[in-house]
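Asker: this is a predicted model, with the sequence first.
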Amino acid sequence: MMTSIDFEKDLNTEQQAAVQASDGPVLILAAAGTGKTRTLTYRVASLAHQGISSDRILLLTFTNRAAQEMLDRARALAGESVSGLWGGTFHHMANRLLRRHADALDYGNDYTILDQDDARSLVRSGAEELGVLGKQFPKPDVLLSLFSLASGRDASVEQIATEQFEHHPVNVEDIIQVHRVYSKKKREINAMDFDDLLSNGLTLFNEHPDILARYQDRFLYVLVDEYQDTNKIQAKWIDLIAAQHRNLLVVGDDFQSIYSWRGADYKNIISFPERYPDTQIYKLETNYRSVPEILEVANACIAGNPNQFQKQLRAVREGHKKPFLSKLYDGHEQAQFVINQIMCLRVAGYAMHDIAILYRSHYQAMELQLECTQQRIPYQITSGVRFFEQAHIKDVCSILRILEQPSDELAFVRLLTLLPRVGKKTAGKIWNKLENRFEAHNNDHRDLLRQGLPAASQGAWKPIEPILEAYYKENLSEDPGEIICRYIKTFYDRYAVETFDNYHRRMEDIEELITYTTDFENNEHFLSEMALMTNIDTELQKDGDDNAIRLSTIHQAKGLEWKVVFILWLADGMFPSVRSLEDGGGEAEERRLFYVASTRAKDELYLCVPESRRARDGGVIYYSPSRFVKEIPIDLLATEKN
DNA sequence: GTTTCGGTTCTTTTT
DNA sequence: GAACCGAAAC
């Protein structure tokens, strides 16, 4: 048995009650900063303590970061007794099941996972084939998010498209056609996008009761983090897998539901007690994170939202300072203000990494980035482009993909179009000649390929061929890093230096990628993991710069905390953003976003309210302060320095 | 007919 | 920074 855990000492009474809840459905309403992760990990440890074998516990999270943190903390607490735990994101779990059972749904078990980029090009080529990609038609990204919404809400594309384009002259029938072609193409190349992982996971259970029964029986306990962010498909899947033992514990905070745009349905959490009438409900309201002045602002801002579980954040910390409201002329002045303030905070003893600047959208941080660079203030930003979706990373992975999955057209085309004088058309022709399949160990296939290449690319292709052969001869499927190394040596290094102005940085990324491959036992595992891994900071960049301030979107800041937080662009139209207000529930969600942002702060919170912005045509747009700021009783805020 | 190049425009949020 | 579009180059 492991060392004993002192539940009474480590947890407050609210948390203890939740951790020691008896079997059956449990709903934990955990407000921001109330020790939600702590409660969940202690629950896991407590189950292990009771002698429940950890491989019969399923723990679902939303982000890779949350999964990692939870597993680490559970292990620290309960040691090896939790090592067999099944834990990860929904997408990971679905992938884990589908790798075993995809054949039951007429997929190959070696299916590829498409990221946003891949999905986009597939949709584009579908739309091109149908000849609908004119000016009057939505762009691939718009179509994709529409398909995604349909999938997540378990609704038809027709329904979502009709809703979405109610007031626009868009041919819904064409959209349905594109969706059909897109789905067909995915089948042809044996690929699933992120949504397919979830929906196929559900289909697997629905259509194969025998498989479902196995997992229902297996998982005695199912725990779900961030339940308010689940979509319909996920909720159904959870209900199914927990149906036999009914030991379903969900943790969430409807106040922090900020993902409805991708199909999250906070009704899942609201209606949980109705779906499970014997639910035990526990509320966590004691906040350890923030000073009372910050919590008062957070409570005040969220109180007006309709349809929610009533919760009040109760502070345990001592009073400090009121949040500071700063009215500024424009983004430039805002940047100046933030930087001046940071200087003061430094003098007051705060470290760089105690400070975060949060904003609605990436572009709202541009002026600040500029200013920080000029003033030599180190900053760390989680940028819009995700590590694994950068061109050079995808380039070197395309060779791994085509080796692993002969029907992966996207990888094939990507690989070939890197060669000189080979573009989409040429690559497509060769792919057709190969009858939509490239087996690298097949001599005929390689001959066909070579013959299809224009003269200008023959020289570049030649040294790549031996790598393909070596994959089989030397059994390199167990060492994807070696494939990348050889590929770089023979081709990509030269390509990169000729193509990218920031060659060195990109090659460093690739070096990191190679190191990263060693964590995986083979190419297949590596590829399917990295498709699900979107942020570098979760895995590759754990050792973030300790001496830098953090710039982040609010969405990416969820679950994190800093001593000092600045919120930028609190202007009506920027935050809440114009686009989010267009559809009905938009304002409430934006308000929750503001709530999430303000509850990230431990000691000090700064609300920045610029009143104008340069328009594209050179004019000036004026904004009134964000409605969220106006809603806060003025005496809760400080407006002058004390 | 294809590919490549150069200029222009626009950035929500994530697995 | 990357997606898009039109023009130049192969």
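Answerer: The structure has been received and is ready for your questions.

Asker: got the phi and psi for A:Asp265?
Answerer: phi -130, psi 100 (degrees, to the nearest 10).

Asker: separation between it and A:Asp278?
Answerer: A:Asp265 sits 23 Å away from A:Asp278, going by Cβ to Cβ, to the nearest Å. C-betas here are computed from N, CA, C, even on glycine.

Asker: between these two, who's got more neighbours?
Answerer: Set side by side, A:Asp265 and A:Asp278 show more neighbours around A:Asp265, with 22 against 9, by other Cβ atoms under 10 Å.

Asker: correct me if wrong: that one contacts A:Asp229.
Answerer: No - taking contacts as Cβ atoms under 8 Å, A:Asp265 lies outside contact range of A:Asp229: 9.1 Å.

Asker: next secondary structure after the strand ranked longest in chain A?
Answerer: Longest strand of chain A, by residue count under DSSP state E: strand A:601-610. Counting by DSSP states H and E, the element after strand A:601-610 in chain order, helix or strand, is strand A:612-614.

Asker: partners of the longest strand of chain A in the sheet?
Answerer: Strand A:601-610 pairs in its sheet with strand A:324-328 (parallel), strand A:562-567 (parallel), by DSSP bridges.

Asker: pull out the buried positions in the last one.
Answerer: Burial within strand A:562-567, assessed by neighbour count using 16 or more other Cβ atoms under 10 Å, is assigned to A:Trp562, A:Val564, A:Val565, A:Phe566, A:Ile567.

Asker: the fourth one contacts A:Ala365, doesn't it?
Answerer: No - with contacts defined as Cβ under 8 Å, A:Phe566 does not count as touching A:Ala365, sitting 10.5 Å away.

Asker: list the residues that contact both of those two?
Answerer: Counting by Cβ atoms under 8 Å, 6 or more residues apart in numbering, the residues touching both A:Phe566 and A:Ala365 are A:Ile357.

Asker: would you list the phi and psi of A:Ile28?
Answerer: Per-residue torsions, A:Ile28: phi -110, psi 120 (degrees, to the nearest 10).

Asker: where does the stretch 1-150 of chain A get nearest to DNA strand C, which residue?
Answerer: Proximity of the stretch 1-150 of chain A to DNA strand C (Cβ to the nearest atom of the strand) peaks at A:Lys139, 5.1 Å away.

Asker: for stretch A:476-486, C-alpha coordinates in CSV please.
Answerer: Extracted in CSV, the C-alpha atoms of stretch A:476-486 (Å, rounded to 0.1, in the frame of the first residue of the first chain):
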residue,chain,number,x,y,z
LEU,A,476,13.0,2.1,-39.4
SER,A,477,9.3,2.2,-38.7
GLU,A,478,10.5,2.0,-35.1
ASP,A,479,12.7,5.0,-35.5
PRO,A,480,10.9,7.8,-37.2
GLY,A,481,13.5,10.3,-36.0
GLU,A,482,16.1,8.5,-38.1
ILE,A,483,13.9,8.9,-41.2
ILE,A,484,13.6,12.6,-40.6
CYS,A,485,17.4,12.9,-40.1
ARG,A,486,18.1,11.2,-43.4
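
Asker: which residues of the stretch 401-550 of chain A lie near DNA strand B?
Answerer: Neighbours of DNA strand B within the stretch 401-550 of chain A, by Cβ under 7 Å from any atom of the strand: A:Thr417, A:Pro420, A:Arg421, A:Val422, A:Gly423, A:Lys424, A:Lys425, A:Thr426, A:Ala427, A:Leu532, A:Thr534, A:Asn535.

Asker: measure A:Thr63 to A:Glu529 for me?
Answerer: Distance from A:Thr63 to A:Glu529, by Cβ to Cβ: 15 Å.

Asker: in a strand, A:Thr456, correct?
Answerer: To be clear, residue A:456 is Ala; Thr isn't right here. No - with DSSP: H, G, I helix; E, B strand; the rest coil as the criterion, A:Ala456 is located in helix rather than a strand.

Asker: close enough to count as contact, it and A:Gly423?
Answerer: No - look at A:Ala456 against A:Gly423 with Cβ under 8 Å: they stay out of range, at 11.8 Å.

Asker: quick check: phi and psi on the closest residue to A:Ala191 other than its chain neighbours?
Answerer: In space, and not counting its chain neighbours, A:Ala191 is closest to A:Thr112: 4.4 Å by Cβ to Cβ, 6 or more residues apart in numbering. With angles defined as degrees, to the nearest 10, A:Thr112 sits at phi -90, psi 150.

Asker: for DNA strand B, what's the nearest residue on the stretch 351-500 of chain A?
Answerer: Residue nearest to DNA strand B within the stretch 351-500 of chain A (Cβ to the nearest atom of the strand): A:Gly423, separated by 2.5 Å.

Asker: list the contacts of the nearest residue to that residue once chain neighbours are set aside.
Answerer: In this structure, A:Gly423 finds its nearest non-sequential neighbour in A:Thr417, 5.8 Å apart by Cβ to Cβ, 6+ apart. A:Thr417 makes contact with A:Gly423, A:Lys424, A:Ala427 under the criterion Cβ under 8 Å, 6+ apart.

Asker: now neighbour count and pLDDT too, for those, in CSV please.
Answerer: Formatted as CSV, these follow (neighbours: other Cβ atoms under 10 Å; pLDDT from 0 to 100):
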residue, neighbour count, pLDDT
A:Gly423, 11, 88
A:Lys424, 13, 86
A:Ala427, 22, 91
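
Asker: which of those residues lies closest to A:Val181?
Answerer: Closest approach between those and A:Val181, by Cβ to Cβ: A:Lys424, at 17.1 Å.

Asker: what separates that closest one from A:Pro140, distance-wise?
Answerer: Look at A:Lys424 and A:Pro140: by Cβ to Cβ, they are 15 Å apart.

Asker: the residue nearest to A:Ala191: how many residues sit nearby?
Answerer: A:Thr112: 25 surrounding residues under other Cβ under 10 Å.

Asker: relative to DNA strand B, how far out is it?
Answerer: Between A:Thr112 and DNA strand B the distance, using Cβ to the nearest atom of the strand, to the nearest Å, works out to 15 Å.

Asker: assess the claim that that residue and A:Glu409 are in contact.
Answerer: No - when contacts are counted by Cβ under 8 Å, A:Thr112 is not listed as touching A:Glu409 (9.6 Å).

Asker: tabulate the strands paired with strand A:601-610 (JSON lines), appending mean pLDDT and distance to DNA strand B.
Answerer: Converted to JSON lines, the strands paired with strand A:601-610 look like this (pLDDT from 0 to 100; distance: least, Cβ to the nearest atom of the strand, whole Å):
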{"stretch": "strand A:324-328", "mean pLDDT": "92", "distance to DNA strand B": "20"}
{"stretch": "strand A:562-567", "mean pLDDT": "94", "distance to DNA strand B": "15"}
